[in-house]
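[1] Need a 3D model of the following:
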Amino acid sequence: MQSLLRLHKLSRWLLRHRLKMPSRIIDGVIRVLFAARIPAEADIDPSVHFSHNALAVVVTKESEIGARCLIGMHVLLGSRWPLEGGPVLEEDVIVHAGAKIIGPVRIGRGSVIGANAVVLHDVPPFSLAVGVPAVIKRSGIQIDAYRGETQAAAV
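    Model prediction:
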């Protein structure tokens with residue numbers, strides 16, 4: 001497990017045990033050490049991999065990231081006022097560098113979000129979404145074709 005995720009897990013534990021100030025301090029440490037904004041309230045599976053130590057990744061507290069997801073650098077998982085909620089990434093989702101997933105959007109299992117895509121609507125499972133705003137370019141994809149050899153072997 002990456003040190004970033006260890007710190008996030010500690011911050012979540014502190015928050016669950018009503019130790020809000022120490023939790024916020026850990027969140028601040030994450031921000032300084034990794035240049036990332038990942039609050040304790042965000043639900044992130046321990047098997048998630050952040051490329052380049054989550055450089056410039058911003059996650060809203062309403063976000064959920066499922067098992068075995070790969071998150072590139074400069075990714076935004078943000079809220080969209082006045083809508084309630086944040087993005088939900090199901091299992092095995094790949095989000096490439098610079099992508100923005102905004103609002104209460106669900107990204108289906110095994111989907112890939114292309115670099116610099118802006119996702120404002122749900123993405124069905126096993127789909128490739130690219131562009132600004134993002135559109136589905138391919139459905140029924142095989143997720144292993146989009147993983148690097150080392151990552152495919154690790155999963």
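[2] partner residues bridging Val58?
    Using DSSP bridges, the bridge partners assigned to Val58 are Arg37, Leu76.
[3] Would you confirm that it contacts Phe34?
    No - when contacts are counted by Cβ atoms under 8 Å, Val58 is not listed as touching Phe34 (11.4 Å). Every residue, glycine included, has its C-beta placed from N, CA and C.
[4] what residues are up against the residue nearest to Leu120 when sequence neighbours are not counted?
    Setting aside the residues directly before and after it, Leu120 is nearest to Pro133 in space (Cβ to Cβ, 6 or more residues apart in numbering), at 5.4 Å. Contacts were defined as Cβ atoms under 8 Å, 6 or more residues apart in numbering; by that measure Pro133 touches Val118, Val119, Leu120, His121.
[5] ok, and the most crowded of those?
    If you count neighbours using other Cβ atoms under 10 Å, the busiest of those is Val119, which has 27 neighbours.
[6] per-residue confidence at that residue?
    We have a pLDDT of 97 for Val119.
[7] Kindly report the same for the one 10 residues further on.
    As predicted, Ala129 sits at a pLDDT of 96.
[8] now do Gly98
    Gly98 carries a pLDDT score of 95 in this model.
[9] list the contacts for it?
    Applying Cβ under 8 Å, 6+ apart, one finds that Gly98 lies in contact with Gly72, Met73, His74, Val75, Ala115, Asn116.
[10] For the fifth one, which non-adjacent residue is spatially closest?
    Which is Ala115. Nearest residue to Ala115, sequence neighbours excluded (Cβ to Cβ, 6+ apart): His96, at 4.1 Å.
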